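Enquirer: sequence first, then the predicted structure:
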Amino acid sequence: MMTESNTGGATRSASWLSALRMAIALILLCGGLYPLLITTVGKVMFHHQAFGSMIIVDDTIVGSELVGQRFIAPEYFHGRPSAAEYDPFSVGGSNYAASNPDLKVRVAGDSGEIAKRESVAPTSIPADLLAASGSGIDPHISPESAILQAKRVANTRDMPIEKVNELIAQYTQGPTLGVFGQRRVHVLKLNLALDGKEWND
Amino acid sequence: MNEVIVIYAVTLLLAWPLGKYIAGVFGGARGAAGAVFLPVENGLYRLFGVNPSQPMSWQGYGKALLKLHLMLVLIVFGLLMAQGFLFLNPDRIDGMSWDLALHTAVSFLTNTNQQHYSGQAQLSYLAHTFGIVTLQVVTPAAGMAALVAIVRTLLGRSDEKKQPTGEGAVSVGNFYEDITRAIVRVMLPVAAVVALIIASQGVPNSYEGARTAVPLDQTAGMEEQNIPIGPVAPMVAIKQVGTNGGGWYGPNSSVPLENPTPLSNFVQTVSIVLIPAALVFALGFMTGRRRLAMVVMGVMVVMSVSLTSVAIWSENQPNAAFSGLAADGPNMEGKEVRFGATATALWGSWTTQTSNGSVNGMHDSFNPIGGMIPMIDMFINVTFGGIGVGLIGYLLFLLLAAFLGSLMIGRAPEIAGKALETREMKLVCIALLIQPLLILGFSAITVAFPSLTGNSNPGFHGISQVIYEYTSAFANNGSGFEGLGDDTVWWNVTCAVNLALGRFIPILAPLAIAASLAAKRSAPEGRGSLSIDTPTFGLMTLAVIVMFTLLSFMPVLILGPIAEALALMS
């Protein structure tokens, strides 16, 4: 089976057959056994996460904790611009360079629209609300971006703004252990809460 | 800022014991944790049909490595083209074109993971696991094996594997034993731990196909939202710990399903540098030259911190296109709210220092200076570097610095008591100079024919996109300025050439150098000889790295990111 020729104790060649057998065995070990084992254990230990952290209301999947959705109705908080139109199968960022004139055009358009909709000055709009996310399905906005929209949402819904701000505070997450990550609001959960929906939390 | 400091500290603190463990794995006949793993490995040797205790010359070692890689690339290439007809394909994904399959197979074979496709939509579960994950485990192990062979031959304690025979056939070890131990005792256990941690944070674990949701705002034009999942956690784990970088989803770890929380981001960031840094400590434990290892680590940390700081500063500046249209704040274009600009810049810098190439934000949308740092990181490519190959690359610079340093103090060039002569220096030059030659050559050709570039951004940034792509290919990094329309025959084929040469020449040439030096008579290290384990020599090596990089690439940096930054300032 082995065809090495020995020269001074150190072999100079290795057999093709061994290489093939090795490739196949490694594919079965690393590509078959390893993911299968992790997936099996992961499913048992973290069942909800294993299937994509779905949010379920009345037995219907209304979304995932880990996938943003597009909101345009005035009674909802809106998320960030998405280069993927919030389609998880075509995820992606805009990949616009800062020097690309198309980026300026997009930001100017959105900025004007938001300023009008929320009755604020363009320079008070937080950058994250105008910047397309990397994934195109970012489920979060900054708390500042949520507060900016509170008045419009409260007015449309005929709700006291205090109640809306309370919900924003309730759905604002801080940095983990005070160190990791940024303060953020989960847009879909906030909107579900506004609708008075209950889900599998 | 605290986040950055904690991540640096945790990474280095974990790398120390892991380095000690890795040195033990390759240490003796049984190695560290042999009682647990030897039975598994012996079973594998029988399946392979190989003898793990047979010593190999550098040619034999190299041939065994190349033959295994050739078999793997053929199988994966076939798998990618045929995936449409095969099983484990619940989302009914078609096969790839020949050129995309070629690029993808070579890209993963070379530990690069440059992707000209989007995994969630263009790879079946079969191709993802049996094809991609296999290469993501095997290729870092191959890099580690090559490093161990080179280190043991070049600097090693004279253990039983090194037995000069007088015929010039120096044994460098046994490839099968080295790579099998790297896979079984290092890559798979570390990946498994990371996989379970990130699975707890929300990375999917299922073979059962996409889920469908009914979005809340039905006026927004999407009746149903199809959400691709899969056995994502095991892949993302090995992607991060194996300096691989190729993600399940196209935009990689910026996607919440691939990197759900700041905690998963923390674990994944640490994983980028963990094993490359551990190998530096392992160098000290393996050779008994702990001071050398500390000096190498010092140089790498200095390079890493200085480059990363610039990236973090840059991304915390506003994006020029937002000026007057938004509140002042960090550049958030292409970034995720849960991570923010600082953690994204840290990742962007680390992933390019280590040849990992995963991203948690879009480098194409970084500010010009922030986008320049990943390019510089990849030009250098030895700030920790890819698993095995990073430290091998550093050793090349170390040889060059020893050569120059010896001449500066008026001694015949030597390293560790062995004379550095024409043959070794020729190989050093080939291994180092092929980098600017290929990157700049291919970039020049591509930029000269605008129909080839596939640029998505105009002006200076368009040049950056082209240079970034070839640099990433040669550095075996895999990140990109992803706006580039790179799934064309031109890009797929030319990148495949860069990928292969950028992988195998920097492995085989140093292996030959090590064997060539080991065959020489050793002169005792005396008071007059150049000592390579002093801070002074570390500084010398740093200077060589900086000068080599600046001389090779300063002009293109000025044409690309620096010109873009200046244009935006005016």
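Expert: The structure has been received and is ready for your questions.

Enquirer: drop to CA atoms for contacts and neighbour counts, all remaining ones
Expert: Fine.

Enquirer: what pLDDT is listed against the residue of chain B positioned farthest from its centre?
Expert: In terms of distance from the mean C-alpha position of chain B, B:T219 ranks first, at 44.8 Å (Cα atoms, centre = their mean). Model confidence at B:T219, given as pLDDT, is 95.

Enquirer: ok, it to chain A distance?
Expert: In this view, B:T219 and chain A are 7 Å apart by Cα to the nearest Cα, to the nearest Å.

Enquirer: would you check that that residue makes contact with A:I72?
Expert: Yes - using Cα atoms under 8 Å, B:T219 makes contact with A:I72 at a distance of 7.1 Å.

Enquirer: quick one: the strands in the stretch 101-250 of chain B, in order.
Expert: Ranges of strands in the stretch 101-250 of chain B, per DSSP state E, counting those that start in this stretch, are B:211-213, B:225-227.

Enquirer: anything in the last one near chain A?
Expert: Yes - judged by Cα under 8 Å from any Cα of the partner chain, strand B:225-227 comes into contact with chain A at B:225-227.

Enquirer: are any of the residues you listed buried, and which?
Expert: B:225, B:227 (16 or more other Cα atoms under 10 Å in any protein chain shown).

Enquirer: which of the residues of strand B:225-227 next to chain A sits closest to B:G298?
Expert: Ranked by distance to B:G298 (Cα to Cα), the residues of strand B:225-227 next to chain A are led by B:I227 at 44.9 Å.

Enquirer: which residue ranges make up the domains of chain A?
Expert: A:13-47, A:52-194 (automatic domain parsing).

Enquirer: contact partners for B:G538?
Expert: B:G538 makes contact with B:295-296, B:298-299, B:532, according to Cα atoms under 8 Å, 6 or more residues apart in numbering or on different chains.

Enquirer: before we move on, back to that, contacts only, for the residue farthest from the centre of chain B.
Expert: Applying Cα under 8 Å, 6+ apart to B:T219 gives the contacts A:71-73.

Enquirer: mind putting the contacts of B:G538 into a markdown table with pLDDT and distance to B:Y468?
Expert: Formatted as a markdown table, the contacts of B:G538 follow (pLDDT from 0 to 100; distance: Cα to Cα, whole Å):
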| residue | pLDDT | distance to B:Y468 |
| --- | --- | --- |
| B:V295 | 97 | 30 |
| B:V296 | 97 | 27 |
| B:G298 | 97 | 27 |
| B:V299 | 98 | 25 |
| B:I532 | 89 | 33 |
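
Enquirer: quick one, what contacts B:A101?
Expert: By Cα under 8 Å, 6+ apart, B:A101 lies in contact with B:77, B:80-81.

Enquirer: what about the residues you listed, which are in strands?
Expert: Using DSSP state E, no member of the contacts of B:A101 falls in strands.

Enquirer: if we can go back for a sec, now mean pLDDT too, for the strands of the stretch 101-250 of chain B, in TSV please.
Expert: Formatted as TSV, the strands of the stretch 101-250 of chain B follow (pLDDT from 0 to 100):
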stretch	mean pLDDT
strand B:211-213	95
strand B:225-227	96
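
Enquirer: tabulate the ones you listed (TSV), appending distance to B:L396.
Expert: Shown next, in TSV, are the strands of the stretch 101-250 of chain B (distance: least, Cα to Cα, whole Å):
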stretch	distance to B:L396
strand B:211-213	50
strand B:225-227	46
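
Enquirer: show me which residues of stretch B:436-454 are buried.
Expert: B:436, B:438-440, B:442-443, B:446-447, B:452-454.

Enquirer: just those now: which is nearest A:A83?
Expert: B:G454 (18.5 Å).

Enquirer: from B:A32, how far off is the closest one?
Expert: 50 Å (Cα to Cα, to the nearest Å).

Enquirer: give me the common contacts of B:T219 and A:I72.
Expert: Residues touching both B:T219 and A:I72 by Cα under 8 Å, 6+ apart: none at all.

Enquirer: and the residue positioned nearest the centre of chain B, helix, strand or coil?
Expert: Nearest to the mean C-alpha position of chain B, by Cα atoms, centre = their mean, lies B:S355 at 2.5 Å. Here B:S355 is coil, with the state taken from DSSP: H, G, I helix; E, B strand; the rest coil.

Enquirer: can you tell me the SS state at the residue most central in space within chain A?
Expert: Nearest to the geometric centre of chain A sits A:D138, at 3.7 Å (Cα atoms, centre = their mean). A:D138 falls in the coil class when you classify it by three-state DSSP.

Enquirer: so it is in contact with B:G334, correct?
Expert: No - with contact defined as Cα under 8 Å, A:D138 and B:G334 do not form a contacting pair (10.2 Å).

Enquirer: surely B:A195 and B:P234 touch.
Expert: Yes - the pair B:A195 and B:P234 passes the contact test of Cα under 8 Å, sitting 5.2 Å apart.

Enquirer: comparing those two, which residue is more hemmed in?
Expert: B:P234 (31 against 28; other Cα atoms under 10 Å in any protein chain shown).

Enquirer: stretch B:332-347 close to chain A?
Expert: Yes - Stretch B:332-347 is in contact with chain A by Cα under 8 Å from any Cα, via B:332-340, B:343.

Enquirer: CSV please, covering those residues and showing secondary structure.
Expert: Output for those, formatted as CSV (three-state DSSP):
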residue, secondary structure
B:M332, coil
B:E333, coil
B:G334, coil
B:K335, coil
B:E336, coil
B:V337, coil
B:R338, coil
B:F339, coil
B:G340, helix
B:A343, helix
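
Enquirer: excluding covalently adjacent residues, which one is nearest to B:S304?
Expert: What sits nearest to B:S304 in space, not counting adjacent residues and going by Cα to Cα, 6 or more residues apart in numbering or on different chains, is B:T383, at 6.2 Å.

Enquirer: and what of B:G324?
Expert: Closest residue to B:G324 apart from its sequence neighbours, by Cα to Cα, 6+ apart: A:T123 at 6.1 Å.

Enquirer: repeat that for A:G93.
Expert: For A:G93, the spatially nearest residue (Cα to Cα, 6+ apart) is A:G134, at 4.3 Å.

Enquirer: wait, a helix at that neighbour?
Expert: No - A:G134 is assigned coil when assessed by three-state DSSP, not a helix.

Enquirer: OK, contacts around it?
Expert: A:92-94, B:251, B:254-255, B:333-336, B:360-362.

Enquirer: burial count for the closest residue to B:N226 other than its chain neighbours?
Expert: Excluding its sequence neighbours, the residue lying closest to B:N226 (Cα to Cα, 6+ apart) is B:T212, at 4.5 Å. Residues within reach of B:T212, counting by other Cα under 10 Å, total 17.

Enquirer: I'd say B:T212 and B:E223 touch.
Expert: No - taking contacts as Cα under 8 Å, B:T212 lies outside contact range of B:E223: 10.2 Å.

Enquirer: overlap in contacts, B:A195 and B:P234.
Expert: A:I38.

Enquirer: give me the element B:T471 is part of.
Expert: helix B:460-474 (DSSP states H and E).

Enquirer: who touches that helix?
Expert: In contact with helix B:460-474 (Cα under 8 Å, 6+ apart) are residues A:97, A:99, B:107, B:112, B:114, B:364, B:375, B:378-379, B:435, B:438-440, B:442-443, B:446-447, B:453, B:455-456, B:478-481, B:484, B:495-496, B:498-503, B:556, B:559-561, B:563-564.

Enquirer: ok, stretch A:177-190 next?
Expert: Applying Cα under 8 Å, 6+ apart, the contact partners of stretch A:177-190 are A:65, A:68-69, A:77-79, A:139-143, A:146, A:167-168, A:171-175, B:2-3, B:216, B:261-263, B:266, B:337-340, B:343.
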